[in-house]
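> everything below, folded, please.
(chains A and B)
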Amino acid sequence: MIDIKFLRENPDVVRASQKARGEDVSIIEKALAADEVRKVALDQFETLRAEQNLLSKSVATAKGEEKAALLDSAKTLAAKVKEADVKRTQCEAEAKAFIMQISNVIDPQAPIGKEEDFVVIENVGKPRAFDFEPKDHVELGKLLGAIDTERGAKVAGSRSYYLTGVGAMLEFALVNYAITSANKAGFTPVIPPVLVNPAAMEGTGFLGQAAENVYHLEKDDVYLVGTSEVPLAAMHMDEILAAEKLPMRYAGYSTCFRREAGTYGKDTRGIIRVHQFDKVEMFSFCHPDQAKEEHLRLLQWEKDFLNAMEIPYRVIDVASGDLGSSANRKFDIEAWIPTQDVYREVTSTSNCTEFQARRLNIRFKDKDATKAVATLNGTLVAIPRMIVAILENHQNADGTVNIPVALQPFLGTKRFELV
RNA sequence: GGAGGGCUCGCAUAGCGGCCGAGUGCACCGGUCUUGAAAACCGGCAUACGAAAGUAUCGUGGGUUCAAAUCCCACGCCCUCCGCCA
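Modelled structure (predicted):
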């Protein structure tokens, strides 16, 4: 949710932001108008209510006929108050509905444009030159006994898979390495709930346009999270955090569930796009003035991870049109996938400034006031995509795969052998 | 799944339908006193919107009433017991 005061004072900035995102600009006039109507309705209600409170008090002390007369006028006033109250509630809901539709104001430094208008910030490492025909991760996964997509489909449908043998071990190694390094960097490791209530989902902004990609368990009205960002952000919902404790950083390990609606035919082979996967996610609550720096720190931790995995990648500054509604800037890291001959997104970090915290009502006390904190998130490792990158980039001609040095202690070997 | 009990300002509690946005204790902050501290004493201590007046908030939502923390209904959460269970 954007700051209504900011909107009132800087409608042009918000308008420009909406436009850059390719989103509805007219919503701003509607929101401002509805806000005016809301204020009038609120004022009318409050005036009547004040009158009623006053009158009610005099009823208490009055006696006899005087009391009867007062009661009479109090009754008619009560009806008016009720009417005004209904109207106020209505106007408030309308105004809020408009305001909630407005996305976060983009960072002026974010590139303007559509999905393809991202800016490459840097390239790290060089795509490997193979002196043999590289196999894709599906084939390698079979040879190593690591990935079984056929049985995944048999048992759970498309976009499902089994990680077996070294595939399962590789997940444990990746998670261990990720959590261990995050812990060293000062993150509190967290295993959050993956089944959350509507308030958590709504507050983190996943019930808007993103709703169709979320699994909902109707009978119990709970949701399966698509990322641990949801339970991590909602962890401090309705709390006032101690200013001196900021930034508060958490590394959450959880399963993520995604319906992948509307992606038929996209990445159907392998485990690039799946309904269920595990992920270690970084989440930070920080002072709004620190958000930009914190965002770069999250990006650096992501790069450290990719570097440790010895995988060539590039960092892109995501264009305005491709930002999530809560983010004001987003950096993606894309790993080189040899058999696709392209860079594919493996991690992503977003600066949500105070946008998300305002919805979730997460604040801190400043000298002069209680204000919303800034929230930021970033992927440390999303398992399937990292497995794809490792298998494909570190494969040998015979189908064996070399293990990055950083993971060797967790796996007790330097190479995955054929089964 | 069944049976009970509870949800009030950081914590613990008080609260007759009007004098309750709400008392008390603890904690916390400021001051007096003290070489310093403790104790004692004095004062301050919920949040949001608003320039202010004011309005709203006693788990949440509805209802009764001129008037609800207080009465009624529904839901949520917590606790205890029984059943089931990794």
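> residues contacting A:N396?
A:N402 (CB atoms under 8 Å, 6 or more residues apart in numbering). Backbone N, C-alpha and C define where each C-beta goes, glycine included.
> please report phi then psi for it.
Torsion angles at A:N396 (phi, psi; degrees, to the nearest 10) stand at phi -110, psi 170.
> A:T400 now?
The phi and psi torsions at A:T400 (degrees, to the nearest 10) take the values phi -70, psi 160.
> thought A:V419 was touching it, still the case?
No - in this structure A:T400 lies outside contact range of A:V419 using CB atoms under 8 Å: 10.8 Å.
> tell me which of these two has more neighbours.
Neighbours per residue, other CB atoms under 10 Å: of A:T400 and A:V419, the larger number sits with A:T400, 15 against 11.
> for the residue of the stretch 251-400 of chain A found nearest RNA strand B, what are phi and psi?
Residue of the stretch 251-400 of chain A nearest RNA strand B, by CB to the nearest atom of the strand: A:T370 (3.7 Å). Phi and psi for A:T370, reported as degrees, to the nearest 10, are phi -100, psi 120.
> if I look at A:T400 and A:V419, which residues touch both of them?
Contacts common to A:T400 and A:V419, judged by CB under 8 Å, 6+ apart, are A:L144.
> which residues does the residue of the stretch 251-400 of chain A closest to RNA strand B contact?
Per CB under 8 Å, 6+ apart, neighbours of A:T370: A:I240, A:R363, A:F364.
> give me the buried subset of these.
A:R363, A:F364 (16 or more other CB atoms under 10 Å).
> of the contacts of A:T370, the lowest pLDDT goes to which?
Among the contacts of A:T370, A:I240 carries the lowest pLDDT, at 81.
> for it, give me its contacts.
The contact partners of A:I240, by CB under 8 Å, 6+ apart, come to A:R363, A:F364, A:K365, A:T370.
> the second one should be in a strand, yeah?
Yep, that's A:F364 we're talking about. Yes - with DSSP: H, G, I helix; E, B strand; the rest coil as the criterion, A:F364 is part of a strand.
> count of neighbours near A:S17?
26.
> tell me the secondary structure at the nearest residue to A:T268 once chain neighbours are set aside.
Excluding its sequence neighbours, the residue lying closest to A:T268 (CB to CB, 6 or more residues apart in numbering) is A:S158, at 7.1 Å. Recorded secondary structure, A:S158: coil (three-state DSSP).
> ok, A:P189 next?
Per three-state DSSP, the secondary structure class of A:P189 is strand.
> bridging residues for it?
Beta-bridge pairing of A:P189 under DSSP bridges involves A:A251.
> does it touch A:I179 like I think?
Yes - A:P189 lies in contact with A:I179 (CB under 8 Å); the separation is 5.2 Å.
> list the contacts for A:V105?
So A:V105 contacts A:I2, A:F6, A:V13, A:V14, A:S17, A:N328 (CB under 8 Å, 6+ apart).
> what's around the last one, how many residues?
Read that as A:N328. By other CB under 10 Å, 26 other residues sit near A:N328.
> for it, what are its contacts?
For A:N328, the contact set (CB under 8 Å, 6+ apart) comprises A:N104, A:V105, A:I106, A:D107, A:A110, A:N351, A:C352, A:T353, A:F355.
> how about the second one?
Under the criterion of CB under 8 Å, 6+ apart, the contact partners of A:F6 comprise A:V13, A:V14, A:V105.
> and the fourth one, by the same measure?
By CB under 8 Å, 6+ apart, the contact set of A:V14 is A:I2, A:F6, A:L7, A:I28, A:I102, A:V105.
> can you name the residue of the stretch 201-350 of chain A nearest RNA strand B?
Closest residue of the stretch 201-350 of chain A to RNA strand B, CB to the nearest atom of the strand: A:I240 (7.6 Å).
> for that residue, list each beta-bridge partner.
A:R363.
> I'd like to know how far it sits from A:P288.
Between A:I240 and A:P288 the computed distance is 15 Å (CB to CB, to the nearest Å).
> kindly report the same for A:V225.
Applying CB to CB to A:V225 and A:P288 gives a distance of 26 Å.
> neighbour count: these two, which is higher?
Between A:V225 and A:P288, counted using other CB under 10 Å, the more crowded position is A:V225 (28 against 17).
> quick one, what contacts the nearest residue to the more buried one once chain neighbours are set aside?
Ranked by CB to CB, 6+ apart and with sequence neighbours excluded, the top spatial neighbour of A:V225 is A:V194, at 5.1 Å. The contact partners of A:V194, taken as CB under 8 Å, 6+ apart, are A:L224, A:V225, A:S228, A:P231, A:S254, A:T255, A:C256, A:F257.
> what's the pLDDT at A:V194?
A:V194 is given a pLDDT of 92.
> phi, psi for it please.
Residue torsions, per degrees, to the nearest 10, at A:V194 are phi -100, psi -10.
> around RNA strand B, which positions in the stretch 51-200 of chain A sit nearby?
A:52-57, A:59-60, A:71, A:74-75, A:77-78, A:81, A:89 (CB under 7 Å from any atom of the strand).
> swap the cut-off to 6 Å and go again
A:Q52, A:N53, A:S56, A:V59, A:A60, A:L71, A:A74, A:K75, A:A78 (CB under 6 Å from any atom of the strand).
> now the stretch 251-400 of chain A
Residues of the stretch 251-400 of chain A lying near RNA strand B (CB under 6 Å from any atom of the strand): A:T370.
> show me where the stretch 251-400 of chain A has strands.
In the stretch 251-400 of chain A, the strands defined using DSSP state E, counting those that start in this stretch lie at A:276-286, A:313-317, A:329-337, A:342-351, A:363-365, A:370-372, A:374-382.
> ok, back up a step: any chance of the contacts of A:V105 in a markdown table with pLDDT, distance to A:A374 and secondary structure as columns?
Listed next are the contacts of A:V105 as a markdown table, based on pLDDT from 0 to 100; distance: CB to CB, whole Å; DSSP: H, G, I helix; E, B strand; the rest coil:
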| residue | pLDDT | distance to A:A374 | secondary structure |
| --- | --- | --- | --- |
| A:I2 | 90 | 14 | coil |
| A:F6 | 90 | 14 | helix |
| A:V13 | 93 | 18 | helix |
| A:V14 | 94 | 18 | helix |
| A:S17 | 95 | 17 | helix |
| A:N328 | 94 | 10 | coil |
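> sweet, I'm off.
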